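Trainee: Okay, predicted coordinates and the sequence, questions at the end:
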Amino acid sequence: MIKKTIAIELETGLEARPVAMLVQVASQYDSNIYVECGTKRVNAKSIMGMMTLGLVPGEQVTVTADGADEEKAIEGIEKYLTEG
């Protein structure tokens, strides 16, 4: 299991379209991937779950990946959240 704290650098934060893109990125990996913010922890492959976080630019989240491709999963999620 890998955990990494990542700052959201998307200029619009995670509203509907960026959340859908993030879910697509997360769904490419076999690992279980979760995004944590404050006391909330949601499955990164769930559009509805991710929408409940209401993440804004500059906010920090902790991404957890657990599985065979966990390192690549963290890298892919981080690349999307920081570069778009």
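Mentor: Done, it's in. Residues are numbered from 1 along each chain as shown.

Trainee: Please count neighbours and contacts with C-alpha atoms only from this point.
Mentor: OK.

Trainee: where does residue 84 land on pLDDT?
Mentor: In this prediction, residue 84 carries a pLDDT score of 76.

Trainee: tell me the helices in the chain, going along the chain?
Mentor: Ranges of helices in the chain, per DSSP state H, are 16-27, 47-51, 70-83.

Trainee: Nearest to residue 36 among the ones you listed would be which one?
Mentor: Closest approach to residue 36 among the helices of the chain is made by helix 47-51 (9.8 Å; C-alpha to C-alpha).

Trainee: For the closest one, what is the distance to the chain centroid?
Mentor: 10 Å (C-alpha atoms, centre = their mean, to the nearest Å).

Trainee: Test my guess that residue 58 contacts residue 7.
Mentor: Yes: with contact defined as C-alpha atoms under 8 Å, residue 58 counts as touching residue 7 (5.6 Å).

Trainee: Of the helices of the chain, which is nearest residue 35?
Mentor: Here helix 47-51 is closest among these (C-alpha to C-alpha), at 7.9 Å.

Trainee: Tell me which other helices or strands that closest one touches.
Mentor: helix 16-27, strand 40-43 (3 or more C-alpha pairs under 8 Å, 6 or more residues apart in numbering; DSSP states H and E).

Trainee: where's residue 40 relative to residue 23, distance?
Mentor: Look at residue 40 and residue 23: by C-alpha to C-alpha, to the nearest Å, they are 17 Å apart.

Trainee: who has more neighbours, these two?
Mentor: Set residue 40 next to residue 23 and count neighbours by other C-alpha atoms under 10 Å: residue 23 wins out with 19 against 10.

Trainee: Contact partners for that one?
Mentor: Contacts for residue 23 (C-alpha atoms under 8 Å, 6 or more residues apart in numbering) come out as 44-47.

Trainee: if we can go back for a sec, for the helices of the chain, could you give me TSV that also reports distance to residue 1?
Mentor: As requested, the helices of the chain are exported to TSV (distance: least, C-alpha to C-alpha, whole Å):
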stretch	distance to residue 1
helix 16-27	15
helix 47-51	20
helix 70-83	7
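
Trainee: And the residue located most distally from the centre of the chain, how close does it get to residue 45?
Mentor: In the chain, residue 68 marks the outermost C-alpha relative to the chain mean, sitting 17.7 Å out by C-alpha atoms, centre = their mean. In this view, residue 68 and residue 45 are 16 Å apart by C-alpha to C-alpha.
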